[in-house]
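A.B. asks: Got a sequence here, can you model it:
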Amino acid sequence: MPLRSLAVRLSLPALVCSIVACGDGNGPRAPGDHAPGPEDSASSGLPAPVAGGGSVTGMPDAAPHPVDIPATPAEPLSEARPDVDVPLDGEGVPVDAATPEAAHAETASAEPTPDDAIAVIRDYYAAINARDYDRAWRLWRGQGAASRMSAAQFAHGFADTRGVSVRIGPPGAIGVGAAQRYIEVPVTLAARHADGAQQRYIGSYTLQRTVADGASAEQRAWRIGSASIRQLE
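C.D. replies: Alright, predicted model coming up:
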């Protein structure tokens, strides 16, 4: 089914909840354009992206393009103990490993970064490229719940797509919500369909994670909360 007919398919009752949840009432939503699921009630104050007039149903046959974001240079090790990693405080000053400050520094360094959010989008497209739709679906928050689709519905959305190339732009700053963090990652897509038609899209994914005490490793990791994708003329 050509991408241009996706709007008709998405009007099915099974997808009405996802269309209403993230739309602004001005146009159809992409399959990824969904509001965060029930587990995200703590983040109701977070900004939700608004979809444009386009939609995307397919993903790449080729690996996503690498993102041109310079890596942060590693801090030099202590000259006195060059073979030992030295924990640093918030200002980059070495601290005694036996102190609470050292434990806090190690915890902070393990927190997901913007690069980790980019990696989720790369993995998302790589999974769909490999036709591993279940793995891609589970990269939405709540093990797929934030997509507002079942795993079968999600996979069916790619039936007509033969490939998509994706370029990931530099992410925005990490935002802070109630026990939540969120970040916006821009993308540019070129989708190729079964009839040979090719369409281009632009938009962004908003990824979220939980920082509340007691949150699981899955909840603390970046996961897709919503998306806003529109077709380029």
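A.B. asks: what stretches of this protein score poorly on pLDDT?
C.D. replies: 1-109 (pLDDT under 70).
A.B. asks: can you give me the helices in it?
C.D. replies: Ranges of helices within the chain are 6-9, 13-22, 100-109, 114-129, 133-137, 151-156, 217-220, based on DSSP state H.
A.B. asks: Any idea how many residues pack against residue 176?
C.D. replies: Residues near residue 176, counting by other CB atoms under 10 Å, number 12. Backbone N, C-alpha and C define where each C-beta goes, glycine included.
A.B. asks: which residues does it bridge with?
C.D. replies: residue 181 (DSSP bridges).
A.B. asks: quick one: it and residue 213, what's the gap?
C.D. replies: Separation of residue 176 from residue 213 (CB to CB, to the nearest Å): 16 Å.
A.B. asks: just residue 155 next, same as before
C.D. replies: 36 Å.
A.B. asks: Show me which of these two is the more surrounded one.
C.D. replies: Using other CB under 10 Å, the more surrounded residue of residue 155 and residue 213 is residue 155, with 17 against 6.
A.B. asks: If we ignore the residues flanking it in sequence, what's nearest the more buried one?
C.D. replies: The shortest distance from residue 155 to any non-neighbouring residue, by CB to CB, 6 or more residues apart in numbering, is to residue 133 (3.8 Å).
A.B. asks: tell me the contacts of the one you found?
C.D. replies: Residues near residue 133 by CB atoms under 8 Å, 6 or more residues apart in numbering: 127, 151, 154, 155, 158.
A.B. asks: Could you double-check that the first one lies in contact with residue 144?
C.D. replies: No: using CB atoms under 8 Å, residue 127 is not in contact with residue 144, being 12.0 Å away.
A.B. asks: higher neighbour count, those two?
C.D. replies: It is residue 144, of residue 127 and residue 144, that has more neighbours when counted by other CB under 10 Å, with 21 against 18.
A.B. asks: For the more buried one, grab phi and psi.
C.D. replies: Reported as degrees, to the nearest 10, the phi and psi values for residue 144 are phi 100, psi -10.
A.B. asks: can you offset everything so residue one is 24?
C.D. replies: Taking 24 as the first residue, the last one we looked at is residue 167.
A.B. asks: need the contact list for the residue lying closest to it once chain neighbours are set aside.
C.D. replies: Leaving out its chain neighbours, the residue that sits closest to residue 167 by CB to CB, 6+ apart is residue 160, at 4.3 Å. By CB under 8 Å, 6+ apart, residue 160 lies in contact with 167, 170, 172, 174, 177, 178.
A.B. asks: could those residues be laid out in TSV, adding distance to residue 216?
C.D. replies: As requested, the contacts of residue 160 are exported to TSV (distance: CB to CB, whole Å):
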residue	distance to residue 216
167	24
170	21
172	20
174	22
177	18
178	16
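A.B. asks: Looking at those, which is nearest residue 242?
C.D. replies: Closest approach to residue 242 among the contacts of residue 160 (CB to CB): residue 167, at 14.0 Å.
A.B. asks: Right, I'll call it a day here.
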